[in-house]
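Q: here's my sequence, what's the structure:
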Amino acid sequence: MTQRPPSRVIHPWPLRLMHWLNAIAIIILIGSGWEIYNASPFLPFSFPPLVTIGGWLGAAIAWHLAAIWLLMLNGLCYLTWGIASGHFRRKFFPLSPRAVIQEVIQALKLHLSHQTGVYNAVQRLLYLGVIILGILAVLSGLAVWKPVQLWFLSDLFGGFFISRVVHFLVMTGIVLFLAVHLILVALVPKVLPPMITGGRLPESATPSTPMAE
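A: Below is the predicted model:
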């Protein structure tokens, strides 16, 4: 009987579960947030109904509040697991501006190489950045939702209107992250199945160069 060589899971199940829960929460938050913005826009444009969620202000707020609880609870689990398991340390560091610039150039030339199980420098920067944006989105959103009860958050961002502007800009940053994330997946489509099934790598495979995961 042939014995299979030892292997390890590329993406453990907690990571996969939290990844997809975050994806659901963020999509709902963006769509419902655009509907809320449309009720009182502060820029000379509105979002088309096709890309909004809720259909009217009350329903959009209900969707938004439900999704923000999912994002906060799931995000707290992700941060706790990422630090305790060493995932952040292994996946996000080291990181240097030189590596980011080199790999951006490679991506623009469609020559971004891939090593299964390792994040490239662009991904490391993006993931660290979107974690910060997520925290800012929650804090600025709370400042907009409860500006009187959470006055200290509102004051921190410069008042209700500035909090709303910050929240909108953070949302825009997250949308841009999603766009770049999807482009990178399109460039290296074989990274998608392991995020669904977990995937496996031989134990002997010891990645040395940070490429796309």
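Q: low-confidence ranges in this structure?
A: Residue ranges of the chain with pLDDT under 70: 1-7, 107, 109-117, 201-213.
Q: now the helices for the protein?
A: Shown for the chain, the helices assigned by DSSP state H span residues 13-39, 57-84, 87-92, 97-108, 121-145, 151-157, 160-187, 192-197.
Q: so Gly91 makes contact with Asn120?
A: No Gly there; residue 91 is Lys. No - checked against Cβ atoms under 8 Å, the pair Lys91 and Asn120 is beyond contact range at 10.8 Å. The way it works is simple: take the backbone N, C-alpha and C, and place the C-beta from them, glycine included.
Q: those two - which one has more neighbours?
A: Comparing Lys91 with Asn120 by other Cβ atoms under 10 Å, the one with more neighbours is Asn120, at 26 against 18.
Q: so which residue is smack in the middle of the protein?
A: When Cα atoms, centre = their mean is applied to the chain, the residue found nearest the centroid is Val130 (5.1 Å).
Q: what sits against the closest residue to that one other than its chain neighbours?
A: In space, and not counting its chain neighbours, Val130 is closest to Phe177: 4.6 Å by Cβ to Cβ, 6 or more residues apart in numbering. Phe177 is in contact with Leu126, Gly129, Val130, Leu133, counting by Cβ atoms under 8 Å, 6 or more residues apart in numbering.
Q: top of the residues you listed by neighbour count?
A: Val130 (20 neighbours).
Q: now it: how far from Gln149?
A: Distance of Val130 to Gln149, given as Cβ to Cβ, to the nearest Å: 28 Å.
Q: same check, this time on Ala143
A: Computed as Cβ to Cβ, the Ala143 to Gln149 distance reads 10 Å.
Q: with His87 instead?
A: Note on His87: its distance to Gln149, by Cβ to Cβ, is 35 Å.
Q: and these two? Which one has more around it.
A: His87 (15 against 10).
Q: residues contacting that one?
A: Leu15, Trp81.
Q: measure stretch 156-164 end to end?
A: Distance across stretch 156-164, first residue to last, is 12 Å (Cα to Cα, to the nearest Å).
Q: if you could redo that for stretch 32-52, that was the one I meant.
A: For stretch 32-52, the end-to-end distance is 6 Å (Cα to Cα).
Q: contacts for it next, please.
A: 31, 53-57, 59-61, 63-64, 67, 161, 164-165, 167-168, 171.
Q: kindly recompute the last result at 6 Å.
A: Gly31, Ile53, Gly54, Leu57, Ala60, Trp63, His64, Met171 (Cβ atoms under 6 Å, 6 or more residues apart in numbering).
Q: give me the buried subset of the residues you listed.
A: Neighbour counting by 16 or more other Cβ atoms under 10 Å classes Gly31, Ile53, Gly54, Ala60, Trp63, His64, Met171 among the contacts of stretch 32-52 as buried.
Q: look up how far Leu43 lies from Ser140.
A: 17 Å.
Q: could you do Glu103 as well?
A: Distance from Glu103 to Leu43, by Cβ to Cβ: 33 Å.
Q: neighbour count: these two, which is higher?
A: Of the pair Glu103 and Leu43, Glu103 is the one with more neighbours under other Cβ under 10 Å, namely 22 against 8.
Q: residues touching that one, list them.
A: Going by Cβ under 6 Å, 6+ apart, Glu103 touches Asn120, Ala121, Val122.
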